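Enquirer: Sequence and predicted structure are below.
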Amino acid sequence: MRIATFNCNSVRKRLPLILAWLKENRPDVLALQETKTEDATFPEQAFVEAGWQAAYRGQKSYNGVALISREPAEKMSFGLGDGDDGESEARLIHGRYGKVDVVNTYVPQGRALDSPQFQFKLQWLRRLRAYFEREFGAAGQARAVWVGDLNVAPEPRDVHDSKKVWPHVCHCEPVIKAFREVVDWGLTDVFRKHLPGDDVFTFWDYRVPNALPRGLGWRIDQVLATPEQARRSRDCRVDLEARRAESPSDHTFVVSDWDE
């Protein structure tokens, strides 16, 4: 089974890139974040015509998540399921494909350390931990994969210059602590299981000149799994070529392969 994740930074703008990538890489499931479109204008028909299933929730101009798959999901849900905060449904989509649950999230970025948006981010991560507990019970009872743009760089090696950027809304003590509390439910960092080295990034800021060739990246797009599913992981890779493509996102595809 192949599960990929990609913050596309506008699904309509990136549609040719996504469709070409799907044709070449043939994942079972592709999780998209930051689709930046309302449901009425999501390009579902283009995916269907190319032979894919599409499930999605969006908002105008920002947020938005989707699952693109070969086969329809056996179960599909949106949001954290604990009350409407105005945008949770456009930040979490959960699909079940065979025996595997795929939870795709676009975690709030946080904007600034002293902003209400940062407190919302910390609260959102706490709510996500509760979501996993409600949906799956103990982690050992589930075969689940958590992917997406998590907007957390939990280790110094996840940032090109940790000392320079610290503290940042994606790389500071409070957010790392909140993230670790989610992981402590019982998740394994499958990305690092297969890519343990330094300078392995998934995001290169548009505002930094030549960020990709200069190696000025962050690892904020991640792949985690419950113990049984993590045991089945075979590989994980970052597709740098997609970031070098014409009109790329500031993120790129992360691809994970699993035994059935």
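Expert: Thanks, I have the structure now.

Enquirer: and the strand or helix carrying Ile93, what other elements does it pack with?
Expert: Assigned by DSSP states H and E, Ile93 belongs to strand 92-97. On a contact count with 3 or more Cβ pairs under 8 Å, 6 or more residues apart in numbering; DSSP states H and E, strand 92-97 meets strand 29-33, strand 53-57, strand 65-69, strand 75-78, strand 100-106, helix 116-136. The way it works is simple: take the backbone N, C-alpha and C, and place the C-beta from them, glycine included.

Enquirer: mind exporting that strand as CSV, just the C-alpha atoms?
Expert: Extracted in CSV, the C-alpha atoms of strand 92-97 (Å, rounded to 0.1, in the frame of the first residue of the first chain):
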residue,chain,number,x,y,z
LEU,A,92,-9.1,17.0,9.2
ILE,A,93,-10.3,14.3,6.9
HIS,A,94,-10.4,10.6,8.0
GLY,A,95,-10.8,7.8,5.5
ARG,A,96,-10.7,4.0,6.0
TYR,A,97,-9.2,2.0,3.1
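
Enquirer: Pull out the buried positions in that strand.
Expert: Leu92, Ile93, His94, Gly95, Arg96, Tyr97 (16 or more other Cβ atoms under 10 Å).

Enquirer: So which residues of the chain form helices?
Expert: 15-25, 44-49, 116-136, 162-165, 173-183, 190-194, 211-214, 227-231, 240-244 (DSSP state H).

Enquirer: deepest of the ones you listed, which one?
Expert: helix 190-194 (a mean of 20; mean count of other Cβ atoms under 10 Å).

Enquirer: what's in contact with that helix?
Expert: Helix 190-194 is contacted from outside by 145, 219, 222-225, 230, 233, 235-237, 254, 256, using Cβ atoms under 8 Å, 6 or more residues apart in numbering.

Enquirer: cutoff 7 Å now
Expert: Gln222, Val223, Leu224, Ala225, Ala230, Ser233, Asp235, Cys236, Val254, Ser256 (Cβ atoms under 7 Å, 6 or more residues apart in numbering).

Enquirer: so what's the second one up against?
Expert: Think Val223. Thr5, Val145, Val147, Val190, Phe191, Cys236, Val254, Ser256.

Enquirer: Neighbours of the last one, how many?
Expert: For Ser256, the tally of surrounding residues (other Cβ atoms under 10 Å) stands at 24.

Enquirer: For Asp28, see how far away it is.
Expert: Shown here: Ser256 relative to Asp28, a distance of 10 Å by Cβ to Cβ, to the nearest Å.

Enquirer: now swap in the first one and tell me
Expert: Per Cβ to Cβ, Thr5 is found 13 Å from Asp28.

Enquirer: Comparing these two, which residue is more hemmed in?
Expert: Just comparing Thr5 and Asp28: by other Cβ under 10 Å the higher neighbour count belongs to Thr5, 30 against 18.

Enquirer: Roughly how far does the more buried one sit from Gln141?
Expert: Thr5 is 24 Å from Gln141, by Cβ to Cβ.

Enquirer: Same question for Glu133.
Expert: Glu133 is 11 Å from Gln141, by Cβ to Cβ.

Enquirer: Could you report the neighbour count for Ala31?
Expert: 30.

Enquirer: before we move on, the earlier item: inside strands: which ones of the contacts of helix 190-194?
Expert: Mapping the contacts of helix 190-194 onto strands (DSSP state E) picks out Gln222, Val223, Leu224, Ala225, Ser233, Asp235, Cys236, Val254, Ser256.

Enquirer: out of those, which are buried?
Expert: Burial by neighbour count, 16+ other Cβ under 10 Å: within those this picks out Gln222, Val223, Leu224, Ala225, Ser233, Cys236, Val254, Ser256.

Enquirer: Now Gly110: closest residue in space that isn't a chain neighbour?
Expert: Distances taken as Cβ to Cβ, 6 or more residues apart in numbering put Val169 closest to Gly110, at 3.4 Å, once the chain neighbours are dropped.
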